[in-house]
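Undergrad: everything below, folded, please.
(one chain, ligands or ions: 1)
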Amino acid sequence: MLSYLISFLDFHVSFHHLHFLKCGILNSNQYNCLKGYHMADKLTKEHRSWNMSRIKGKDTSIEVLVRKALFRDGFRFRKNVKQLPGKPDIVLSKYKTVIFVHGCFWHGHTCKEAHIPKSNSEFWLNKITRNVDNDKKHTEQLTSLGWHVITVWECQIEKHFDETIASIENELRDQLNK
Ligand SMILES: [Zn+2]
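TA: The predicted structure is shown next:
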């Protein structure tokens, strides 16, 4: 029994060690990294890019980056407000402004990050078109309720972070003077 346990532990340790090597360093994505490892080789390119978009498009890195920067600069907000159309990611009531932080792929941004995979393109096109239509509808609804709507794109955040934050903050300050 003991030797069984030892060999089991040994297997486990080297198993994890292998993953950490494969994925680089120990980080908060460790779990996804572990999960993804087995699948990676079996996934088609399209599936992988879908996975990436899904991960990128979630309430993770880009939204958190924007929230942190705004908070640092003294702006206070609520997040993911369900009562408002489209459940905006960031709601700044004092400025009567909502912010959507959109993943380029899912929300059909006109940038190269958002290319539709070649296989199954009709499926993707339908899905993304539906998102784009919903985004447009939500913006109209929010505007008619008196909200100023800012859309921030993933690619802007990734490539021009400081400028994007500065421009959001300028827009917010302008809202106070209206
Ligand atoms: Zn983009």
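Undergrad: which residues touch stretch 165-178?
TA: Residues from elsewhere that reach stretch 165-178, judged by C-beta atoms under 8 Å, 6 or more residues apart in numbering: 66, 69-70, 73, 75, 92, 94-97, 99, 148, 150, 152. For glycine as for every other residue, the C-beta is placed from the backbone atoms N, C-alpha and C.
Undergrad: of those residues, which are in range of the ion?
TA: With the criterion set as C-beta under 5 Å from the ion, no member of the contacts of stretch 165-178 is near the ion.
Undergrad: can I get those residues in TSV with secondary structure?
TA: Formatted as TSV, those follow (DSSP: H, G, I helix; E, B strand; the rest coil):
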residue	secondary structure
Val66	helix
Ala69	helix
Leu70	helix
Asp73	coil
Phe75	coil
Leu92	strand
Lys94	helix
Tyr95	helix
Lys96	coil
Thr97	strand
Ile99	strand
His148	strand
Ile150	strand
Val152	strand
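Undergrad: among those, which two are most distant?
TA: Greatest spatial distance among the contacts of stretch 165-178 (C-beta to C-beta): Ala69 and Lys96, at 20.2 Å.
Undergrad: if you count surrounding residues, which of those two has more?
TA: For Ala69 versus Lys96, neighbours defined as other C-beta atoms under 10 Å are more numerous around Ala69 (18 against 15).
Undergrad: which residues touch that one?
TA: Counting by C-beta under 8 Å, 6+ apart, Ala69 has contacts 161, 165.
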